[in-house]
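> no sequence on this one, just coordinates:
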């Protein structure tokens, strides 16, 4: 069993559930030591890291940091002590029309979804330069390439993440460092799974119909992406095969952005 990322340390923000946790697991399975993160500091958060370490034989730990605070975001990378792979995944969402979108929600979404990626990268990139190797992977979204109504802050932030990724890639283009954005469509996470029964009840549909016709109406494949698939994409971007892939977006969206 090969461990291509053995000796590398990966920091994955927003990784105590969902996409982030899936990415951390796949990176650990590829041999990387991982640092999990979210804003909570519970026993179960630390237990997740212990579980990953026991499963993969790598080192794993959990560091709490509120990524709405720029200093805390920078402190996460500093506290980790090493960062060969930075996965900026932390994000929140709020849905409302532009005229009624709460200012506080706008500020929070921009801070967590976009500004935190700037702050962590600002600390991580010099670390990668000193180590002579690095990968920055920003989790954007299909909404980083297209838009939907009532998601002004989220769409603006994710478009910003794509732009930030390109800048980091250009600034590191002559070094063994790459920066890319993964743009998921709808992903089957515990949060999405919990929404399916309510959707079934609201529309009077069985599970399969509710998923295909309501939740995945914009996803041509009519299938959710999985956290394992996103984690596998991250592992690929960390491989030597992807050494000349930088400054771009990789869509894992079942054809959404092909429309």
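Thanks, I have it. Everything numeric here is computed off the predicted structure, so don't read it as measured data. Numbers count the residues shown, from 1 in each chain.
> and the longest strand that the chain contains, what does it pack onto?
The longest strand of the chain (DSSP state E) is strand 177-184. Here strand 177-184 touches helix 116-131, strand 134-139, helix 152-171, helix 227-237, strand 249-252, going by 3 or more CB pairs under 8 Å, 6 or more residues apart in numbering; DSSP states H and E. Backbone N, C-alpha and C define where each C-beta goes, glycine included.
> I'd like the ones you listed written out as JSON lines, with mean neighbour count and mean pLDDT added.
Shown next, in JSON lines, are these (neighbours: other CB atoms under 10 Å; pLDDT from 0 to 100):
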{"stretch": "helix 116-131", "mean neighbour count": "20", "mean pLDDT": "98"}
{"stretch": "strand 134-139", "mean neighbour count": "26", "mean pLDDT": "98"}
{"stretch": "helix 152-171", "mean neighbour count": "20", "mean pLDDT": "98"}
{"stretch": "helix 227-237", "mean neighbour count": "21", "mean pLDDT": "98"}
{"stretch": "strand 249-252", "mean neighbour count": "19", "mean pLDDT": "98"}
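> could you dump those into a markdown table and include distance to residue 180?
As requested, the helices and strands packed on strand 177-184 are arranged in a markdown table below (distance: least, CB to CB, whole Å):
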| stretch | distance to residue 180 |
| --- | --- |
| helix 116-131 | 12 |
| strand 134-139 | 6 |
| helix 152-171 | 6 |
| helix 227-237 | 5 |
| strand 249-252 | 6 |
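> among these, which comes closest to residue 73?
Of all those, helix 116-131 sits nearest to residue 73, with 3.8 Å by CB to CB.
> next, the angle from that closest one to strand 177-184.
150 degrees (axes from the mean of the first three to the mean of the last three CA atoms, to 10 degrees).
> report the buried residues of the lowest-mean-pLDDT helix or strand in the chain.
Every helix and strand of the chain was ranked by mean pLDDT, DSSP states H and E. The lowest is helix 190-203, at a mean of 94. Buried residues in helix 190-203, defined by neighbour count with 16 or more other CB atoms under 10 Å: 199-200.
> pLDDT score for the residue nearest to the spatial centre of the chain?
Centroid-nearest residue in the chain, with CA atoms, centre = their mean: residue 89, separated by 2.6 Å. In this model, residue 89 is scored at 98, pLDDT.
> and the nearest residue to residue 96 once chain neighbours are set aside, how many residues sit next to it?
The shortest distance from residue 96 to any non-neighbouring residue, by CB to CB, 6 or more residues apart in numbering, is to residue 150 (6.0 Å). By other CB atoms under 10 Å, 13 other residues sit near residue 150.
> and residue 150, its phi and psi?
Backbone torsions for residue 150, taken as degrees, to the nearest 10, come to phi 70, psi 10.
> contacts only, for it.
Going by CB atoms under 8 Å, 6 or more residues apart in numbering, residue 150 touches 95-97.
> from residue 94, how far out is it?
Separation of residue 150 from residue 94 (CB to CB, to the nearest Å) stands at 9 Å.
> got it, and residue 131?
Applying CB to CB to residue 131 and residue 94 gives a distance of 38 Å.
> what does the pLDDT read for the residue of the chain most remote from its centre?
The outermost residue of the chain relative to its centre, with distances by CA atoms, centre = their mean, is residue 204 at 33.2 Å. Here the pLDDT value assigned to residue 204 is 97.
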